[in-house]
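Chemist: Could you look at this predicted model? Sequence included:
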Amino acid sequence: MQTGPREIVTPFRPIPLEVPEGMAPNEFFNSAENLGDLVHNNGLLQNPEELLLYRKALGHSNLFDTSIIYNTSQKILDPLGRPVRRTQVPNAVKNVWNRMNQIIIDFMLERYPDPERHLILAGEASLDATWPLTSPGVPSIRMLHNHFIVFDKQQLAVAPLADPNNPNLTDGGQHSLFQAHMREVYRAFFDALDFKVLKPCNKGECRLQLTGYPQGLPSWGVPGGAAALKQVAFWRDYDTLLKGFLDFYRSFFGQVSTRNSPPPRDLYFPELVEDKLLFDNDFLKTAKMVRERCIKDARYANAIRWQPAFKQLIYRNDRGDLIVTISQNSIGNAITELLGVVVKRVPDAKAYAQAEPALLEQLFEVRRRLIEADLGEGIATTQWPAD
(Lines give C-alpha, C1' and ligand atoms only; values in the text may rest on other atoms or scores of the structure.)
Protein backbone atom coordinates (compact mmCIF):
# COMPACT_ATOMS: atom_id res chain seq x y z
CA MET A 1 0.00 0.00 0.00
CA GLN A 2 1.33 3.42 -0.96
CA THR A 3 2.18 5.72 1.92
CA GLY A 4 1.04 9.32 1.71
CA PRO A 5 -1.48 11.86 2.99
CA ARG A 6 -5.10 11.01 2.23
CA GLU A 7 -8.06 13.17 1.29
CA ILE A 8 -11.42 11.91 2.49
CA VAL A 9 -14.92 13.21 1.84
CA THR A 10 -17.12 13.90 4.87
CA PRO A 11 -20.80 14.74 4.22
CA PHE A 12 -22.64 17.21 6.43
CA ARG A 13 -26.15 18.55 6.81
CA PRO A 14 -26.30 22.12 5.51
CA ILE A 15 -26.49 24.55 8.43
CA PRO A 16 -29.69 26.68 8.41
CA LEU A 17 -27.81 29.82 9.39
CA GLU A 18 -27.71 32.90 7.23
CA VAL A 19 -24.79 35.26 7.52
CA PRO A 20 -26.18 38.80 7.83
CA GLU A 21 -25.71 40.97 4.78
CA GLY A 22 -22.48 42.89 4.86
CA MET A 23 -20.71 40.50 7.25
CA ALA A 24 -17.91 38.12 6.33
CA PRO A 25 -18.56 34.52 7.47
CA ASN A 26 -15.66 34.54 9.95
CA GLU A 27 -16.99 37.78 11.47
CA PHE A 28 -20.41 36.25 12.05
CA PHE A 29 -19.09 32.92 13.33
CA ASN A 30 -17.20 34.80 16.05
CA SER A 31 -20.34 36.57 17.24
CA ALA A 32 -22.23 35.84 20.43
CA GLU A 33 -25.31 35.19 18.29
CA ASN A 34 -23.67 32.33 16.44
CA LEU A 35 -22.20 30.82 19.60
CA GLY A 36 -25.67 30.91 21.14
CA ASP A 37 -26.96 28.97 18.16
CA LEU A 38 -24.17 26.43 18.69
CA VAL A 39 -25.56 25.74 22.17
CA HIS A 40 -29.22 25.55 21.16
CA ASN A 41 -28.84 23.44 18.01
CA ASN A 42 -25.81 21.27 18.76
CA GLY A 43 -25.12 21.58 22.49
CA LEU A 44 -24.82 18.36 24.47
CA LEU A 45 -23.55 19.40 27.91
CA GLN A 46 -22.39 22.49 29.76
CA ASN A 47 -21.10 23.20 33.25
CA PRO A 48 -20.61 26.19 35.59
CA GLU A 49 -17.03 26.48 34.33
CA GLU A 50 -18.50 27.51 30.93
CA LEU A 51 -17.17 24.44 29.15
CA LEU A 52 -19.54 23.33 26.41
CA LEU A 53 -19.60 19.87 24.81
CA TYR A 54 -21.21 19.99 21.39
CA ARG A 55 -21.83 17.98 18.23
CA LYS A 56 -19.78 19.22 15.28
CA ALA A 57 -22.16 20.49 12.62
CA LEU A 58 -19.26 20.66 10.16
CA GLY A 59 -17.37 17.62 11.33
CA HIS A 60 -14.11 16.01 10.34
CA SER A 61 -15.49 12.47 10.73
CA ASN A 62 -19.00 11.09 11.00
CA LEU A 63 -17.69 8.03 12.83
CA PHE A 64 -16.96 9.98 16.01
CA ASP A 65 -16.43 13.72 16.25
CA THR A 66 -17.10 16.16 19.06
CA SER A 67 -15.57 19.22 20.68
CA ILE A 68 -15.40 21.04 23.98
CA ILE A 69 -15.28 24.81 23.78
CA TYR A 70 -14.52 27.27 26.57
CA ASN A 71 -17.57 29.36 25.78
CA THR A 72 -16.82 32.88 26.97
CA SER A 73 -18.79 34.50 24.14
CA GLN A 74 -21.52 35.89 26.40
CA LYS A 75 -19.05 37.48 28.83
CA ILE A 76 -16.26 38.63 26.49
CA LEU A 77 -17.74 40.24 23.43
CA ASP A 78 -14.37 41.12 21.90
CA PRO A 79 -13.44 37.96 19.91
CA LEU A 80 -9.77 38.88 20.17
CA GLY A 81 -9.97 39.10 23.97
CA ARG A 82 -11.15 35.56 24.65
CA PRO A 83 -8.97 32.75 26.06
CA VAL A 84 -7.55 30.76 23.15
CA ARG A 85 -5.07 28.36 24.73
CA ARG A 86 -4.71 26.21 27.84
CA THR A 87 -2.29 28.61 29.49
CA GLN A 88 -4.99 31.31 29.58
CA VAL A 89 -7.54 29.15 31.39
CA PRO A 90 -8.04 29.52 35.18
CA ASN A 91 -6.71 26.53 37.12
CA ALA A 92 -10.14 25.52 38.43
CA VAL A 93 -11.51 25.47 34.88
CA LYS A 94 -8.46 23.63 33.55
CA ASN A 95 -8.90 20.92 36.19
CA VAL A 96 -12.42 20.26 34.91
CA TRP A 97 -11.20 20.58 31.31
CA ASN A 98 -8.52 17.93 31.84
CA ARG A 99 -10.96 15.50 33.46
CA MET A 100 -13.37 15.93 30.55
CA ASN A 101 -10.54 15.28 28.11
CA GLN A 102 -9.48 12.14 29.98
CA ILE A 103 -13.01 10.69 30.03
CA ILE A 104 -13.63 11.33 26.31
CA ILE A 105 -10.27 9.92 25.24
CA ASP A 106 -10.88 6.88 27.44
CA PHE A 107 -14.25 6.39 25.74
CA MET A 108 -12.68 6.53 22.27
CA LEU A 109 -10.02 3.99 23.23
CA GLU A 110 -12.67 1.70 24.75
CA ARG A 111 -15.05 1.93 21.79
CA TYR A 112 -12.28 1.71 19.17
CA PRO A 113 -9.63 -0.54 20.74
CA ASP A 114 -7.83 -1.75 17.60
CA PRO A 115 -5.09 0.63 16.34
CA GLU A 116 -5.04 -1.22 13.01
CA ARG A 117 -8.66 -0.35 12.35
CA HIS A 118 -9.08 3.17 13.73
CA LEU A 119 -7.08 6.38 14.06
CA ILE A 120 -7.85 8.23 17.29
CA LEU A 121 -6.82 11.80 18.01
CA ALA A 122 -7.57 14.60 20.47
CA GLY A 123 -6.07 18.03 20.68
CA GLU A 124 -6.27 21.73 20.15
CA ALA A 125 -5.08 24.37 17.70
CA SER A 126 -4.24 28.01 18.20
CA LEU A 127 -7.27 30.17 17.52
CA ASP A 128 -6.10 33.67 18.37
CA ALA A 129 -5.34 36.76 16.31
CA THR A 130 -2.39 35.27 14.50
CA TRP A 131 -3.57 36.13 10.99
CA PRO A 132 -4.88 39.38 9.54
CA LEU A 133 -8.66 39.49 9.93
CA THR A 134 -9.04 39.75 6.15
CA SER A 135 -7.27 36.45 5.50
CA PRO A 136 -9.50 33.58 4.33
CA GLY A 137 -7.91 31.18 6.80
CA VAL A 138 -8.85 33.11 9.95
CA PRO A 139 -10.34 30.61 12.43
CA SER A 140 -14.12 30.71 12.56
CA ILE A 141 -14.46 30.64 16.36
CA ARG A 142 -11.90 32.53 18.40
CA MET A 143 -12.23 30.54 21.61
CA LEU A 144 -10.25 27.64 22.97
CA HIS A 145 -11.69 24.32 21.93
CA ASN A 146 -10.51 20.73 21.72
CA HIS A 147 -11.24 18.20 19.00
CA PHE A 148 -11.98 14.51 19.60
CA ILE A 149 -12.01 12.51 16.38
CA VAL A 150 -11.96 8.90 15.18
CA PHE A 151 -11.21 7.89 11.58
CA ASP A 152 -11.77 4.50 9.97
CA LYS A 153 -8.36 3.41 8.66
CA GLN A 154 -9.96 1.36 5.90
CA GLN A 155 -11.70 4.48 4.64
CA LEU A 156 -8.37 6.27 4.75
CA ALA A 157 -6.62 3.40 2.97
CA VAL A 158 -8.97 3.50 -0.02
CA ALA A 159 -9.12 7.31 -0.14
CA PRO A 160 -7.14 9.05 -2.88
CA LEU A 161 -3.76 10.47 -2.02
CA ALA A 162 -3.84 14.15 -1.15
CA ASP A 163 -1.68 16.61 -3.01
CA PRO A 164 1.55 16.66 -0.97
CA ASN A 165 1.90 20.35 -1.87
CA ASN A 166 -1.45 21.17 -0.29
CA PRO A 167 -0.50 24.11 1.94
CA ASN A 168 -2.81 22.85 4.67
CA LEU A 169 -0.63 19.81 5.26
CA THR A 170 1.48 21.02 8.17
CA ASP A 171 4.45 18.87 7.29
CA GLY A 172 7.28 19.55 9.72
CA GLY A 173 9.82 18.24 7.26
CA GLN A 174 8.78 20.52 4.39
CA HIS A 175 6.83 23.54 5.54
CA SER A 176 7.79 24.33 9.11
CA LEU A 177 10.30 27.11 9.48
CA PHE A 178 11.49 25.67 12.78
CA GLN A 179 12.16 22.23 11.37
CA ALA A 180 13.74 23.36 8.12
CA HIS A 181 16.25 25.89 9.43
CA MET A 182 16.87 25.32 13.15
CA ARG A 183 15.91 21.75 13.82
CA GLU A 184 18.73 21.04 16.28
CA VAL A 185 18.19 24.04 18.53
CA TYR A 186 14.43 23.42 18.44
CA ARG A 187 14.84 19.85 19.68
CA ALA A 188 17.55 20.78 22.18
CA PHE A 189 15.21 23.35 23.70
CA PHE A 190 12.45 20.76 24.19
CA ASP A 191 14.93 18.20 25.50
CA ALA A 192 15.78 20.60 28.30
CA LEU A 193 12.19 20.71 29.57
CA ASP A 194 11.55 18.72 32.75
CA PHE A 195 8.91 16.08 31.97
CA LYS A 196 7.72 13.65 34.63
CA VAL A 197 5.63 11.35 32.41
CA LEU A 198 6.35 12.06 28.74
CA LYS A 199 9.27 10.22 27.13
CA PRO A 200 10.88 11.16 23.78
CA CYS A 201 9.74 8.99 20.87
CA ASN A 202 12.28 6.81 19.13
CA LYS A 203 12.77 7.68 15.48
CA GLY A 204 9.98 6.34 13.29
CA GLU A 205 7.74 5.10 16.12
CA CYS A 206 5.41 8.07 15.99
CA ARG A 207 4.73 8.17 12.26
CA LEU A 208 1.59 6.52 10.89
CA GLN A 209 2.50 4.02 8.18
CA LEU A 210 -0.62 4.79 6.16
CA THR A 211 -0.02 8.54 5.76
CA GLY A 212 3.63 8.96 6.70
CA TYR A 213 2.67 11.74 9.13
CA PRO A 214 3.52 13.50 11.35
CA GLN A 215 6.81 14.35 9.66
CA GLY A 216 9.82 15.78 11.41
CA LEU A 217 8.04 16.92 14.56
CA PRO A 218 9.32 16.35 18.11
CA SER A 219 7.04 13.78 19.74
CA TRP A 220 6.73 12.05 23.07
CA GLY A 221 5.29 8.71 24.13
CA VAL A 222 2.92 8.34 27.07
CA PRO A 223 4.11 5.39 29.23
CA GLY A 224 1.08 3.76 30.78
CA GLY A 225 -1.27 4.80 27.98
CA ALA A 226 -4.81 5.75 28.97
CA ALA A 227 -4.08 5.18 32.67
CA ALA A 228 -1.47 7.96 32.57
CA LEU A 229 -4.13 10.46 31.50
CA LYS A 230 -5.75 9.98 34.91
CA GLN A 231 -2.63 11.42 36.54
CA VAL A 232 -2.26 15.13 37.21
CA ALA A 233 1.43 14.74 36.30
CA PHE A 234 0.53 13.96 32.67
CA TRP A 235 -1.52 17.13 32.25
CA ARG A 236 1.24 19.17 33.90
CA ASP A 237 3.64 17.76 31.30
CA TYR A 238 1.11 18.59 28.59
CA ASP A 239 1.07 22.19 29.82
CA THR A 240 4.87 22.29 30.11
CA LEU A 241 5.18 21.26 26.48
CA LEU A 242 2.87 24.08 25.39
CA LYS A 243 4.61 26.62 27.62
CA GLY A 244 7.98 25.66 26.16
CA PHE A 245 6.62 26.00 22.65
CA LEU A 246 5.15 29.42 23.40
CA ASP A 247 8.51 30.62 24.79
CA PHE A 248 10.32 29.37 21.69
CA TYR A 249 7.82 30.90 19.28
CA ARG A 250 7.65 34.30 21.01
CA SER A 251 11.42 34.48 21.36
CA PHE A 252 12.00 33.66 17.70
CA PHE A 253 9.48 36.07 16.20
CA GLY A 254 10.59 38.74 18.67
CA GLN A 255 14.02 38.50 17.04
CA VAL A 256 12.44 38.49 13.58
CA SER A 257 10.53 41.65 14.39
CA THR A 258 13.40 43.53 16.04
CA ARG A 259 17.07 42.66 15.74
CA ASN A 260 18.69 41.84 19.10
CA SER A 261 15.44 42.47 20.96
CA PRO A 262 15.25 41.69 24.69
CA PRO A 263 13.54 38.46 25.75
CA PRO A 264 9.73 38.62 25.70
CA ARG A 265 8.00 39.51 28.94
CA ASP A 266 6.51 36.83 31.16
CA LEU A 267 8.46 33.88 29.79
CA TYR A 268 7.79 30.54 31.44
CA PHE A 269 11.42 29.44 31.15
CA PRO A 270 13.53 32.62 30.96
CA GLU A 271 16.85 30.94 31.81
CA LEU A 272 16.27 28.28 29.18
CA VAL A 273 15.51 30.93 26.56
CA GLU A 274 18.69 32.80 27.42
CA ASP A 275 20.90 29.70 27.50
CA LYS A 276 19.50 27.77 24.54
CA LEU A 277 18.12 30.40 22.16
CA LEU A 278 19.43 33.93 22.46
CA PHE A 279 23.05 32.79 22.23
CA ASP A 280 22.51 30.26 19.45
CA ASN A 281 23.86 31.22 16.03
CA ASP A 282 21.41 29.07 14.02
CA PHE A 283 18.46 30.54 15.90
CA LEU A 284 19.54 34.12 15.32
CA LYS A 285 20.71 33.47 11.75
CA THR A 286 17.27 32.13 10.86
CA ALA A 287 15.59 35.15 12.46
CA LYS A 288 17.78 37.40 10.32
CA MET A 289 16.81 35.49 7.18
CA VAL A 290 13.09 35.83 7.92
CA ARG A 291 13.41 39.48 8.94
CA GLU A 292 15.19 40.42 5.71
CA ARG A 293 12.60 38.62 3.61
CA CYS A 294 9.78 40.40 5.47
CA ILE A 295 11.33 43.77 4.60
CA LYS A 296 11.49 42.92 0.89
CA ASP A 297 8.37 40.77 0.43
CA ALA A 298 5.06 42.28 1.56
CA ARG A 299 3.08 39.13 0.76
CA TYR A 300 5.43 36.99 2.86
CA ALA A 301 5.36 39.43 5.76
CA ASN A 302 1.54 39.56 5.71
CA ALA A 303 1.32 35.76 5.87
CA ILE A 304 3.41 35.44 9.04
CA ARG A 305 1.58 34.57 12.23
CA TRP A 306 3.45 36.84 14.61
CA GLN A 307 1.79 35.55 17.76
CA PRO A 308 2.16 31.92 18.91
CA ALA A 309 0.28 29.58 16.61
CA PHE A 310 0.30 25.85 17.27
CA LYS A 311 -1.38 22.47 17.09
CA GLN A 312 -1.00 20.20 20.12
CA LEU A 313 -2.17 16.65 19.75
CA ILE A 314 -2.64 13.34 21.55
CA TYR A 315 -3.06 10.43 19.14
CA ARG A 316 -2.64 6.65 18.94
CA ASN A 317 0.14 5.27 16.76
CA ASP A 318 0.14 2.02 14.80
CA ARG A 319 1.42 0.06 17.81
CA GLY A 320 -1.39 1.31 20.05
CA ASP A 321 0.79 3.73 22.03
CA LEU A 322 -0.42 7.21 22.90
CA ILE A 323 1.77 9.94 21.43
CA VAL A 324 1.90 13.69 22.15
CA THR A 325 3.23 16.12 19.55
CA ILE A 326 3.16 19.84 18.85
CA SER A 327 3.59 21.76 15.61
CA GLN A 328 4.11 25.31 14.50
CA ASN A 329 0.75 26.16 12.93
CA SER A 330 2.16 28.44 10.28
CA ILE A 331 0.49 26.83 7.28
CA GLY A 332 -2.57 24.71 7.90
CA ASN A 333 -5.42 25.16 10.31
CA ALA A 334 -7.21 21.79 10.50
CA ILE A 335 -5.75 19.60 13.22
CA THR A 336 -6.29 16.38 11.25
CA GLU A 337 -3.76 17.49 8.66
CA LEU A 338 -1.00 17.15 11.24
CA LEU A 339 -1.51 13.39 10.79
CA GLY A 340 -1.82 13.58 7.02
CA VAL A 341 -5.63 13.52 6.81
CA VAL A 342 -7.20 16.18 4.59
CA VAL A 343 -10.97 16.43 5.06
CA LYS A 344 -13.15 17.63 2.19
CA ARG A 345 -16.55 18.52 3.60
CA VAL A 346 -19.50 18.29 1.19
CA PRO A 347 -23.18 19.15 1.82
CA ASP A 348 -25.16 15.90 1.65
CA ALA A 349 -28.04 15.65 4.11
CA LYS A 350 -29.01 12.13 3.05
CA ALA A 351 -25.51 10.68 3.54
CA TYR A 352 -25.14 12.46 6.86
CA ALA A 353 -28.51 11.12 8.05
CA GLN A 354 -27.26 7.56 7.54
CA ALA A 355 -24.32 8.12 9.90
CA GLU A 356 -26.08 10.36 12.42
CA PRO A 357 -27.85 7.77 14.65
CA ALA A 358 -24.64 5.87 15.46
CA LEU A 359 -22.74 9.11 15.99
CA LEU A 360 -25.36 10.52 18.36
CA GLU A 361 -25.55 7.27 20.32
CA GLN A 362 -21.87 7.65 21.14
CA LEU A 363 -22.15 11.34 21.97
CA PHE A 364 -25.02 10.64 24.35
CA GLU A 365 -22.96 7.94 26.08
CA VAL A 366 -20.04 10.36 26.44
CA ARG A 367 -22.45 12.91 27.88
CA ARG A 368 -23.80 10.36 30.36
CA ARG A 369 -20.29 9.56 31.60
CA LEU A 370 -19.45 13.23 32.02
CA ILE A 371 -22.66 13.88 33.96
CA GLU A 372 -21.95 10.85 36.15
CA ALA A 373 -18.52 12.32 36.96
CA ASP A 374 -20.15 15.64 37.96
CA LEU A 375 -18.69 17.43 34.95
CA GLY A 376 -21.85 19.11 33.72
CA GLU A 377 -25.54 18.91 32.94
CA GLY A 378 -27.20 17.85 29.70
CA ILE A 379 -28.56 20.37 27.19
CA ALA A 380 -31.91 19.91 25.47
CA THR A 381 -32.18 20.93 21.80
CA THR A 382 -34.89 20.55 19.18
CA GLN A 383 -33.22 17.22 18.25
CA TRP A 384 -32.62 15.62 21.65
CA PRO A 385 -33.60 15.90 25.35
CA ALA A 386 -31.28 16.96 28.14
CA ASP A 387 -30.99 13.42 29.47
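Modeler: Thanks, I have it.
Chemist: biggest helix in the chain by residues?
Modeler: Taking DSSP state H as the criterion, the chain has its longest helix at helix 232-257.
Chemist: Give me the next element, helix or strand, following it.
Modeler: Next helix or strand after helix 232-257 toward the C-terminus (DSSP states H and E): helix 270-276.
Chemist: Give the buried residues for the helix or strand that comes right after that next one.
Modeler: With elements assigned by DSSP H and E, the helix or strand that comes after helix 270-276 is helix 281-296. When burial is assessed from 16 or more other Cβ atoms under 10 Å, helix 281-296 yields the following buried residues: 283-284, 286-287, 290-291, 294. C-beta: built from backbone N, CA, C; applies to glycine.
Chemist: now swap in stretch 293-313 and tell me
Modeler: Buried residues in stretch 293-313 (16+ other Cβ under 10 Å): 294, 304-306, 308-313.
Chemist: Tell me how far it lies from the chain's centre.
Modeler: A distance of 18 Å separates the centroid of the chain from that of stretch 293-313, by Cα atoms, centre = their mean, to the nearest Å.
Chemist: again with stretch 355-372
Modeler: Worked out by Cα atoms, centre = their mean, stretch 355-372 lies 22 Å from the chain centre.
Chemist: Which of the buried residues of stretch 293-313 fall in helices?
Modeler: C294.
Chemist: Of the buried residues of stretch 293-313, just say which sits nearest to S261.
Modeler: Taking Cβ to Cβ as the measure, S261 lies nearest W306 of these, at 12.8 Å.
Chemist: per-residue confidence for the closest one?
Modeler: As predicted, W306 sits at a pLDDT of 85.
Chemist: measure it to Q46 for me?
Modeler: As judged by Cβ to Cβ, to the nearest Å, W306 and Q46 stand 34 Å apart.
Chemist: hang on, L53 is in a strand, isn't it?
Modeler: Yes - per DSSP: H, G, I helix; E, B strand; the rest coil, L53 lies within a strand segment.
Chemist: residues near W97, how many?
Modeler: Counted by other Cβ atoms under 10 Å, the residues lying close to W97 total 22.
Chemist: Helix 232-257 and the helix or strand where it lies, what's the angle between them?
Modeler: For W97, the host element (DSSP H and E) is helix 91-111. Interaxial angle, helix 91-111 versus helix 232-257 (axes from the mean of the first three to the mean of the last three Cα atoms, to 10 degrees): 110 degrees.
Chemist: Could you identify the helix or strand that succeeds helix 91-111?
Modeler: strand 118-125.
Chemist: Identify the residues contacting the helix or strand that that following strand is followed by?
Modeler: Per DSSP H and E, the first helix or strand lying C-terminal to strand 118-125 is strand 145-152. For strand 145-152, the external contacting residues (Cβ atoms under 8 Å, 6 or more residues apart in numbering) are 8, 60-61, 63-70, 97, 101, 104-105, 108, 111-112, 117-125, 127, 335-336, 341.
Chemist: which of those residues count as buried?
Modeler: 8, 60-61, 63-70, 97, 101, 104-105, 108, 112, 118-125, 127, 335-336, 341.
Chemist: so where is the stretch 101-250 of the chain shaky, pLDDT-wise?
Modeler: Within the stretch 101-250 of the chain, the stretches with pLDDT under 70 are 128-141, 170-175.
Chemist: Swap in 90 and give it another go.
Modeler: For the stretch 101-250 of the chain, the stretches flagged by pLDDT under 90 are 125-145, 163-183, 202-205, 215-218.
Chemist: Determine the number of other residues adjacent to L144.
Modeler: 26.
Chemist: swap in the one 5 residues further on?
Modeler: Number of residues near I149 (other Cβ under 10 Å) recorded here: 25.
Chemist: Same check on the one 3 residues further on?
Modeler: Residues near D152, counting by other Cβ under 10 Å, number 18.
Chemist: How about L45?
Modeler: Neighbours of L45 (other Cβ under 10 Å): 24.
Chemist: now swap in N168 and tell me
Modeler: Neighbours of N168 (other Cβ under 10 Å): 17.
Chemist: Turn the buried residues of stretch 293-313 into a markdown table, including distance to T211.
Modeler: A markdown table is the format used below for the buried residues of stretch 293-313 (distance: Cβ to Cβ, whole Å):
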| residue | distance to T211 |
| --- | --- |
| C294 | 33 |
| I304 | 27 |
| R305 | 24 |
| W306 | 30 |
| P308 | 26 |
| A309 | 22 |
| F310 | 20 |
| K311 | 15 |
| Q312 | 19 |
| L313 | 14 |
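Chemist: Tell me the one of the buried residues of helix 281-296 nearest H181?
Modeler: For those, the nearest to H181 is T286 (4.3 Å; Cβ to Cβ).
Chemist: Hmm, Q179 and that closest one touching each other?
Modeler: No - with contact defined as Cβ atoms under 8 Å, T286 does not reach Q179; the gap is 11.1 Å.
Chemist: Which strand residues bridge L119?
Modeler: For L119, the beta-bridge partners are F151 (DSSP bridges).
Chemist: Test my guess that it contacts T336.
Modeler: No - using Cβ under 8 Å, L119 is not in contact with T336; the gap is 9.1 Å.
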